[in-house]
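> Okay, sequence plus prediction incoming.
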Amino acid sequence: MSSRRTERLLNLVICLAATRRWLTKEQIRAAVPQYADCDTTEAFDRMFERDKEDLRDLGIPVVTGTDERWFDDEPGYRIDRDDYALPPIELDAQELAVVGLASRVWQQAGLAGPAARALTKLTALGVDTDDDGAGLEPRIRTAEPAFGPLYAATRDRQAVTFSYRKPNGELGVRELEPWAVASRGGRWYLIGRDRGRDAARVFRLSRIESDVKRRGRTGAYEIPDDLDAQAMIGKHVPPVDDRIATVLLRSGRGAGLRRLAVASIPSTERPGFDELQIKIGDAGMLAQTIAGHGPDAIAVQPADLRGEVIRRLKGALAAQSEGTEPVDVSGLGEAAVRPA
């Protein structure tokens, strides 16, 4: 089946499934862009009949009926949503992971141009459409704003630049030939050739701190045939830190940090604070989160996490104090140097 025909059938499915009303042939012809190529009504009728039967052969329940506002000789068409829906499906963990990844990519792509225009035309014709994407658009989203631009650049084989903060807090600009975007352990990573280092590198999307900008022409490089994205991620990304950190957090503050806690009790040593137990996972990211709360959060243990928080706090103070009047650091200092 040609790509054009496949696109026409998909648009027809979206059109027929987007409303529970019966659609006349003329409404369908106006909504599906590819039907505009039919020079005559007879040509459209023949194409539509073929498409309708093709959908039925694929198991898609295209049904015929009438609306009470029409005469009996003017049939309408739609997809039976109840018959079209999948029955309950049980998936194992690996199958769920694959479906989740696929649906994230679909969500970023959304309804591509012609399909979106089909729904717009139906609305213009006075047809109420459902807001759920006609059952064709999963609703799992990626939290990282860089995902969409990087996925598109990978598809187009076009270089990109962005600001990236390393786990130690250092911020720099990278120019990359993106090869793949992949997920591991609930996090998204970009794999590609770092032009500045002339070597393959892995970047975590959540550490990209600027807009992704494209550089050069599309198709400017080749992606290695033997690329194994998961193997590269495993080679460059440190293993998950399973240790439990103790963090003091001021009562009523830090909702995001509290969501990371596996346990929380009022602190007996420091009134007005709660003692949180948090699984470290990524020590650099947790240190950055704690430091971002300033005097409201205190890393107690382990010592290496505490040291990283102190380093980040001192760096922030130095940057803020440079070329300005002295800064009151009593609160941050107390949090940074409090004995464990």
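All right, it came through fine.
> what number of residues lie near D211?
12 (other Cβ atoms under 10 Å). Every residue, glycine included, has its C-beta placed from N, CA and C.
> hang on, it packs against F162?
Yes. Between D211 and F162 there is a contact at 7.3 Å, judged by Cβ atoms under 8 Å.
> which residues touch P75?
W22, T64, G65, T66 (Cβ atoms under 8 Å, 6 or more residues apart in numbering).
> do the same with P266
Applying Cβ under 8 Å, 6+ apart, the residues near P266 are S251, F273, D274, E275.
> Please enumerate the strands of the stretch 1-150 of the chain.
Per DSSP state E, counting those that start in this stretch, the stretch 1-150 of the chain carries strands over the ranges 62-65, 76-79.
> which residues touch the first one?
Under the criterion Cβ under 8 Å, 6+ apart, residues L16, W22, K52, L55, R56, P75, G76, Y77, R78, I79, D80 lie in contact with strand 62-65.
> Now do the buried residues in it.
By neighbour count on 16 or more other Cβ atoms under 10 Å, the buried set for strand 62-65 is V62.
> what is the rounded mean pLDDT of that strand?
Averaged over strand 62-65, pLDDT sits at 85.
> C-alpha coordinates for stretch 298-311, CSV please?
Coordinates of the C-alpha atoms in stretch 298-311 are reproduced here as CSV (Å, rounded to 0.1, in the frame of the first residue of the first chain):
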residue,chain,number,x,y,z
ILE,A,298,19.8,20.9,54.8
ALA,A,299,21.6,17.8,53.5
VAL,A,300,22.6,15.8,56.6
GLN,A,301,24.0,12.6,55.1
PRO,A,302,25.7,10.9,53.3
ALA,A,303,28.8,13.0,53.5
ASP,A,304,29.5,13.1,49.7
LEU,A,305,26.0,14.4,49.0
ARG,A,306,26.3,17.0,51.7
GLY,A,307,29.6,18.1,50.3
GLU,A,308,28.1,18.5,46.8
VAL,A,309,25.3,20.6,48.2
ILE,A,310,27.8,22.8,50.1
ARG,A,311,29.8,23.2,46.9
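> For it, the averaged confidence score.
91.
> Report the buried residues of that stretch.
In stretch 298-311, counting by 16+ other Cβ under 10 Å, buried: I298, A299, V300, P302, L305, R306, E308, V309, I310.
> Restricted to helices, list these.
Using DSSP state H, the members of the buried residues of stretch 298-311 that fall within helices are L305, R306, E308, V309, I310.
> So, low pLDDT: which residues of the stretch 101-250 of the chain?
Scanning the stretch 101-250 of the chain for pLDDT under 70 picks out 101-143, 185-186, 238.
> could you redo the last one with a cut-off of 50?
The stretch 101-250 of the chain contains residues with pLDDT under 50 at 106-112, 131-141.
> all helices of it, in order?
Taking DSSP state H, counting those that start in this stretch, the helices of the stretch 101-250 of the chain run over residues 113-124, 147-156, 229-236.
> quick revisit: quick one: which of the strands of the stretch 1-150 of the chain is nearest L171?
Among these, the nearest to L171 by Cβ to Cβ is strand 76-79 (51.1 Å).
> Tell me which other helices or strands that closest one touches.
Applying 3 or more Cβ pairs under 8 Å, 6 or more residues apart in numbering; DSSP states H and E, one finds that strand 76-79 makes contact with helix 3-17, strand 62-65.
> I'd like to know which of the ones you listed is closest to A263.
helix 3-17 (47.0 Å).
> Could you save the helices and strands packed on strand 76-79 as CSV and add columns showing distance to V202?
Converted to CSV, these look like this (distance: least, Cβ to Cβ, whole Å):
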stretch, distance to V202
helix 3-17, 33
strand 62-65, 47
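> closest to R193 out of those?
Taking those one by one with Cβ to Cβ, helix 3-17 is closest: 30.2 Å.
> which of the contacts of strand 62-65 has the most neighbours?
L16 (26 neighbours).
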